[in-house]
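> Next input, structure requested:
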Amino acid sequence: MEPSIEKTLNSLKKNNFTVEYAEKIDDIADIVLKLIPADAALEMAGSISVDQAGVKKKLIERGNKGIVPDGDEEFN
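As a prediction, this is how the structure comes out:
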């Protein structure tokens with residue numbers, strides 16, 4: 001891990017933040033899914049990072065309510 005990343009993570013922890021670190025973008029969705037209950041209803045604004053990491057897609061596939069798939073007009 002790069003020293004600047006380690007320094008940032010330690011600073012966040014010292015300020016009582018819960019910190020998760022993903023080495024690869026493919027790991028991000030799994031981390032997020034562990035943090036959000038499967039029965040949670042969510043609102044989600046657009047985010048390129050979230051889309052690139054596959055978070056939105058996996059939340060929809062898992063059945064979390066409230067997330068609008070791209071191109072849909074109605075909430076599930």
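> Could you find the closest non-adjacent residue to the residue positioned nearest the centre of the chain?
By Cα atoms, centre = their mean, the mean C-alpha position of the chain lies nearest to Val32, the distance being 4.0 Å. Nearest non-adjacent residue to Val32, counting by Cβ to Cβ, 6 or more residues apart in numbering: Val55, 5.0 Å away. Using the backbone N, CA and C atoms, a C-beta is placed for each residue, glycine as well.
> show me the residues around the one you found that make contact.
Residues in contact with Val55 (Cβ atoms under 8 Å, 6 or more residues apart in numbering) are 28-29, 32-33.
> coming back round to it: backbone torsions only: list them for the residue nearest to the centre of the chain.
When quoted as degrees, to the nearest 10, the phi and psi of Val32 stand at phi -60, psi -40.
> List the contacts of it.
When contacts are taken as Cβ under 8 Å, 6+ apart, Val32 is in contact with 53, 55, 58-59.
> May I see the buried residues of the helix or strand bottoming out on mean pLDDT in the chain?
Every helix and strand in the chain was compared by mean pLDDT, DSSP states H and E; the lowest is helix 48-52, with a mean of 89. Of the residues in helix 48-52, Val50 count as buried by neighbour count, 16 or more other Cβ atoms under 10 Å.
> Quick check, Lys56 in contact with Glu43.
No. At 11.8 Å, Lys56 does not count as touching Glu43 under the criterion of Cβ atoms under 8 Å.
> neighbour-wise, which of these two wins?
More neighbours surround Lys56 than the other of Lys56 and Glu43, with 22 against 8 (other Cβ atoms under 10 Å).
> centre of the chain versus the lengthiest helix in the chain, how much separation?
Scanning the chain for the longest helix, with DSSP state H as the assignment, gives helix 3-14. Distance of helix 3-14 from its chain centroid, counting by Cα atoms, centre = their mean, to the nearest Å, is 19 Å.
> Report all helices and strands that it contacts.
Helix 3-14 is packed against no helix or strand, with contacts defined by 3 or more Cβ pairs under 8 Å, 6 or more residues apart in numbering; DSSP states H and E.
> got the CA positions of it in CSV?
Written as CSV, here are the backbone C-alpha positions of helix 3-14 (Å, rounded to 0.1, in the frame of the first residue of the first chain):
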residue,chain,number,x,y,z
PRO,A,3,2.4,5.5,2.1
SER,A,4,0.0,8.3,1.3
ILE,A,5,-3.0,5.9,1.3
GLU,A,6,-1.9,4.4,4.6
LYS,A,7,-1.5,7.9,6.1
THR,A,8,-5.0,8.9,4.9
LEU,A,9,-6.6,5.7,6.3
ASN,A,10,-4.9,6.2,9.6
SER,A,11,-6.0,9.8,9.8
LEU,A,12,-9.6,8.8,9.1
LYS,A,13,-9.4,6.1,11.8
LYS,A,14,-8.0,8.6,14.3
